[in-house]
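**Student:** Sharing a model prediction with you, sequence too.
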Amino acid sequence: MLLNAVIIILREVLEAALIISVFLALSQLLNRNLWWMLLALVLGFGGAYIYAVNLSTISMAMEGTGQEVLNAVLHSVIFLALLIFMITVPHQRHQQWRLINLVTIVLAVITAIIREGSEIILYIKGFIGIPDLLSPVLMGSAVGAGIGLSVGVFFYYLLVNMRKSHGIWLGYLILLLIGGSMVAQAVEFMIQANYISATTPIWDSSHLISERSATGQLLYALIGYEATPAPQQAAAYFASIGLLIMAAGISFIFRGKAS
Amino acid sequence: MAGPPVIEIEIKDHLFFPDEVRIPADTKVKLLVKNLDPTAEEFESYELNREKVIAGNSEAIIFIGPLPAGQYPFFGEFFPKTAQGKVIVE
């Protein structure tokens, strides 16, 4: 039970911690103050709790596809926040752009916490009536959360201690991969809910790196690795990364002209 | 228009009943998973690319397929030691 709790919480925390740490580091590198983080954490956990306690109602909404639709929306919101973040970064001299930029960071962090936090709350809540299991589960959860947060802290210090330009580029690269992964996951939920018709996986790399393995799980959190993605998922992944690069590039070219 | 065939799976004491589900190849199927335990469970399958949290004492719908013949294991992520099952496509 304990080990299982470690793994479950680690998986959930890892993804949110990665998004948060990269945004924290980029905020630091872009000379932003960090008060927003506290606000985002409080709102995120509040939202996660509301999602968790209403899960069965949400699940049965929209003919039983409410959970998939909401998750797809949450993943899409993170992607849109990343997109607008990347567009607004080159225009930091303008007060309005700076404000929009900050809003996108707060929104992405809140949404990531709602998505991952709700599953953590549901998982732990189930054990409250079972005293024998509650304490190993809480212990395991604390260890899992600790490891996940450590990875976040590692990425944060890696980025802020690199040469500033390198740190910003690496942060951007991680955001691109997170963006692709978010859209691919949104498409996966739409397939699961039968809004998009599934077809045969475009490739099968499960014999090379299984999604069950530690490597597979880590790659899933870092780059959205799937061993057997549907063609639509793979297309969405690469197209969304392409869109982010294009939008960031165009915005960078016009950075001096906008006012 | 008739929707895809519905197959019921129950979760009780962190076990799937039935733990083997047979479905025809190349056919879309609607799984109705009823969680009779008070604890939440997450229906998860890497082979089927599916994950869905099911709150305690409630149910969920998961569409799978159309799939080629083969075996597709699934498990309950919250209680993986006992909650194990597979979809057999034939």
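**Tutor:** Looks like it came in fine.
**Student:** And for the residue in the stretch 101-250 of chain A positioned nearest to chain B, the neighbour number?
**Tutor:** When you check the stretch 101-250 of chain A against chain B by Cβ to the nearest Cβ, the closest residue turns out to be residue A:126, at 3.3 Å. C-beta: built from backbone N, CA, C; applies to glycine. By other Cβ atoms under 10 Å in any protein chain shown, 21 other residues sit near residue A:126.
**Student:** Could you do the one 3 residues further on as well?
**Tutor:** Residues contacting residue A:129 under the criterion other Cβ under 10 Å number 11.
**Student:** How about the backbone phi and psi for it?
**Tutor:** With angles defined as degrees, to the nearest 10, residue A:129 sits at phi -80, psi 0.
**Student:** Same question for residue B:7.
**Tutor:** Residue torsions, per degrees, to the nearest 10, at residue B:7 are phi -120, psi 130.
**Student:** my read: it touches residue B:20, true?
**Tutor:** No - using Cβ atoms under 8 Å, residue B:7 is not in contact with residue B:20, being 11.2 Å away.
**Student:** Who has more neighbours out of these two?
**Tutor:** Using other Cβ under 10 Å, the more surrounded residue of residue B:7 and residue B:20 is residue B:7, with 17 against 10.
**Student:** Kindly state the beta-bridge partners for the more buried one.
**Tutor:** As for beta bridges, residue B:7 partners with residue B:31 under DSSP bridges.
**Student:** before we move on, what about the one 4 residues further on?
**Tutor:** Taking DSSP bridges, one obtains residue B:16, residue B:35 as the residues bridged to residue B:11.
**Student:** quick one: low-confidence parts of the stretch 101-250 of chain A?
**Tutor:** For the stretch 101-250 of chain A, no stretch is flagged by pLDDT under 70.
**Student:** Could you do chain B as well?
**Tutor:** B:1-2.
**Student:** Spell out which residues of it are next to chain A.
**Tutor:** Within reach of chain A by Cβ under 8 Å from any Cβ of the partner chain, chain B has these residues: B:4, B:28, B:38-40, B:42, B:46-47, B:49-63, B:65-66, B:68, B:77-81.
**Student:** Please pick the buried ones from the residues you listed.
**Tutor:** B:4, B:28, B:39-40, B:42, B:46-47, B:49-56, B:58-63, B:65-66, B:77-79 (16 or more other Cβ atoms under 10 Å in any protein chain shown).
**Student:** Counting neighbours, what do you get for the closest residue to residue A:223 other than its chain neighbours?
**Tutor:** Nearest residue to residue A:223 in three dimensions, chain neighbours excluded: residue A:177, at 4.7 Å (Cβ to Cβ, 6 or more residues apart in numbering or on different chains). Residue A:177 has 18 neighbours, counted by other Cβ under 10 Å.
**Student:** Residue A:6 and residue A:146, how far apart?
**Tutor:** Going from residue A:6 to residue A:146 by Cβ to Cβ, to the nearest Å gives 9 Å.
**Student:** let me redo that: residue A:117
**Tutor:** From residue A:117 over to residue A:146 (counting by Cβ to Cβ), the distance is 16 Å.
**Student:** same deal with residue A:8?
**Tutor:** 14 Å.
**Student:** And these two? Which one has more around it.
**Tutor:** residue A:8 (22 against 13).
**Student:** what separates the helix or strand where that one lies from the chain centre, distance-wise?
**Tutor:** According to DSSP states H and E, residue A:8 maps onto helix A:2-29. Taking Cα atoms, centre = their mean, to the nearest Å, one finds the center of helix A:2-29 at 9 Å from the center of the full chain.
**Student:** what residues are up against the nearest residue to residue A:12 once chain neighbours are set aside?
**Tutor:** Closest residue to residue A:12 apart from its sequence neighbours, by Cβ to Cβ, 6+ apart: residue A:116 at 4.3 Å. Residue A:116 is in contact with A:12-13, A:15-16, A:48, counting by Cβ atoms under 8 Å, 6 or more residues apart in numbering or on different chains.
**Student:** a helix runs through residue A:116, doesn't it?
**Tutor:** Yes - with DSSP: H, G, I helix; E, B strand; the rest coil as the criterion, residue A:116 is assigned to a helix.
**Student:** just the residues of chain A that are near chain B, which are they?
**Tutor:** Checking chain A against chain B by Cβ under 8 Å from any Cβ, the hits are A:4, A:8, A:55-56, A:59-60, A:63-65, A:67-68, A:118-119, A:122-123, A:125-127, A:129-130, A:188, A:191-194, A:198, A:200-201, A:206, A:210-212, A:226-230.
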